[in-house]
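Engineer: Requesting a structural model of the entry that follows:
(one chain, ligands or ions: 1)
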Amino acid sequence: MNAPTDLSPNAHWQQRSLASVWHPCTQMARAARTPPLAIARGQGAWLHDHEGRRYFDTISSWWVNLFGHADPGINAAITAQLNTLPHVMLAGCTHEPAVVLAERLSARTGGALGHCSFGSDGASAVEIALKQSFHSWRNRGRADKRHFVCLRHSYHGETIGALAVTDVAVFRDAYDPLLMRAHTVDAPDSRRGNEAEALKAIEDCLAAHADTLAAVIVEPLVQGAAGMVMHSPDYLRALRALCTRHNVHLIADEIAVGCGRTGRFFAWQHTEPATSADWPDFILLSKGITGGTLPLSLVLTTDAVFEAFWSEDTTRGFLHSHSYTGNPAACAAALAVLDRFDAGQEAQNALQAQWLADAFAPLGQDDRVRHLRQRGTILAFDVPGAADGFAERFHLAARAHELLIRPIGRSVYLMPPYLIDPPTAAWLAEAVTRTLNDVV
Ligand SMILES: Cc1ncc(COP(=O)(O)O)c(C=O)c1O
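Structural biologist: Below you'll find the model as predicted:
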């Protein structure tokens, strides 16, 4: 189609986009009312449009840009890799970035999760973990262990397997007839103070169905897409013990909460695992692992799962693959991210989390706001009295205050890049408060 010429540069790209790009997570019939921001470039925490306006990326572009946009160190690592080996298939070949990445992630679990599979997006990691769990039981003569347990309002991705363990109606319901059946149990929620009840619910489920269960899947500490619903490490510790007692795998989906987001590299580290048995059977990473540069996901698992596939029989192997499995450039980006953590990123994040907490504390006293909550650099609050359509109105109003922010329902949250200093935290709190004043 011909490009319209009489429009401003932003409107030009918005119009062409709405005509040709099928945007994700978007009802296209309504997209023109909230036209996509036409972004020309990103630098640090800021996104810049075509007309000199800028937006602070408070949500790290769907939680991926941990070090902001166009980070020179990560870009240099990718460029070097592109000039050496952009890609090679990982079946029948191997390469240094994949090997070193697997080794370094394993070391971060103290060797508890020493076997690493590679995928692309988060949902492909979820598919891998579900399949590995089921197939490992099958290889051990327990093909009846084929069902999964997820938590109320969980989110694990949009592919058919991941949706089956997702409990967000707006994403799931249309496809329900296509999905395998999972058990959905009550989730712990710090706002409800219901951890004991939630543990009882999952204990009852395990006691009743363990013989047919492959795994429980959980988003450790923060259920992101549910609206930043938080629970304590105690819940996770108890869940680990329950899964062990009932001989059911535990899958920790750290796609959103991994890579330092909760303060530790793995959210699971908040449980202070003392031995291998204290770790989950699977940990999944994606999103921030490449600092928002290239798609990559990782599934870490145990010797026990790995050994269940060890056989001369090909069909007992884990044959799952994607064309870009273990892409070297993506692995190089991930290694650059790990370098930051080796150099003390966790301590930096602790400071940044405190600066956010200090800056947003006054909002906790605001009558319109409930349940100001935080885990690491995830900060959220609810606006229960807001009228319908709050999320869209807040998002649009925030643009005028130089913020890219997307509430989930009536929950406003920030998951900013790890680039916060005290003045930035203060500015963010002020801009969010001004947006709230405009909307409520
Ligand atoms: C906890 C969790 N799991 C899985 C996914 C799916 O990841 P992706 O969108 O990369 O497929 C997401 C995405 O938001 C997520 O938050």
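
Engineer: Go ahead and name everything in contact with stretch 303-310.
Structural biologist: Contacts to stretch 303-310, defined as Cβ atoms under 8 Å, 6 or more residues apart in numbering, come from residues 114-115, 132-133, 135-137, 139-140, 249, 281-282, 316-318. Placement of C-beta: from N, CA and C, glycine included.

Engineer: can you give me the offset of it from its chain's centre?
Structural biologist: In terms of Cα atoms, centre = their mean, to the nearest Å, the centre of stretch 303-310 is found 27 Å from the chain centre.

Engineer: Any buried residues in that stretch, and which?
Structural biologist: For stretch 303-310, a neighbour-count test (16 or more other Cβ atoms under 10 Å) marks 305-306, 308-309 as buried.

Engineer: would you list the residues you listed in JSON lines and tack on secondary structure?
Structural biologist: Output for the buried residues of stretch 303-310, formatted as JSON lines (DSSP: H, G, I helix; E, B strand; the rest coil):
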{"residue": "V305", "secondary structure": "helix"}
{"residue": "F306", "secondary structure": "helix"}
{"residue": "A308", "secondary structure": "coil"}
{"residue": "F309", "secondary structure": "coil"}
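
Engineer: now, among those, which is nearest to the ligand?
Structural biologist: Of all those, the ligand sits closest to V305, with 19.5 Å by Cβ to the nearest ligand atom.

Engineer: pLDDT below threshold where in the protein?
Structural biologist: Along the chain, the model assigns pLDDT under 70 to residues 1-5.

Engineer: Contact residues of this protein facing the ligand?
Structural biologist: 121-123, 126, 155-157, 219, 224-225, 253, 255-256, 286 (Cβ under 6 Å from any ligand atom).

Engineer: Let's check: the centremost residue of the protein is which one?
Structural biologist: The chain has A256 as the residue nearest its centroid, 1.8 Å off, counting by Cα atoms, centre = their mean.

Engineer: ok, it - contacts?
Structural biologist: So A256 contacts 63, 122, 219, 222, 224-225, 287 (Cβ under 8 Å, 6+ apart).

Engineer: tell me the SS of it?
Structural biologist: Under three-state DSSP, A256 falls in the coil class.

Engineer: Check the gap between it and H320 for me.
Structural biologist: Separation of A256 from H320 (Cβ to Cβ, to the nearest Å) stands at 22 Å.

Engineer: Walk me through the domains of the chain.
Structural biologist: Domain segmentation of the chain under automatic domain parsing yields 37-70+345-439, 73-342.

Engineer: quick one, what contacts the spatially closest residue to D438 that is not a sequence neighbour?
Structural biologist: Distances taken as Cβ to Cβ, 6 or more residues apart in numbering place A397 nearest to D438, at 4.4 Å, with adjacent residues excluded. With contact set as Cβ under 8 Å, 6+ apart, A397 has these partners: 435, 438-439.

Engineer: ok, now H135?
Structural biologist: H135 makes contact with 308-309, 318 under the criterion Cβ under 8 Å, 6+ apart.

Engineer: If we use 10 Å, what do you get?
Structural biologist: H135 makes contact with 143, 146, 214, 305, 308-309, 315-320, according to Cβ atoms under 10 Å, 6 or more residues apart in numbering.

Engineer: Put together CSV for those residues, with secondary structure and distance to Q15 on each row.
Structural biologist: Formatted as CSV, the contacts of H135 follow (DSSP: H, G, I helix; E, B strand; the rest coil; distance: Cβ to Cβ, whole Å):
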residue, secondary structure, distance to Q15
A143, coil, 54
R146, coil, 49
A214, strand, 48
V305, helix, 50
A308, coil, 54
F309, coil, 51
T315, helix, 52
R316, helix, 54
G317, coil, 50
F318, coil, 46
L319, coil, 45
H320, coil, 41
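
Engineer: By neighbours, which of the residues you listed wins?
Structural biologist: Counting neighbours by other Cβ atoms under 10 Å, the top entry in these is A214, with 26 neighbours.

Engineer: residues in contact with D186?
Structural biologist: Contacts for D186 (Cβ under 10 Å, 6+ apart) come out as 151-153, 192, 194, 197-202, 205.

Engineer: and the residue in the chain positioned nearest to the ligand, how many neighbours does it have?
Structural biologist: Taking Cβ to the nearest ligand atom as the measure, the chain has G122 as its residue closest to the ligand, at 2.2 Å. By other Cβ under 10 Å, the residues close to G122 number 29.
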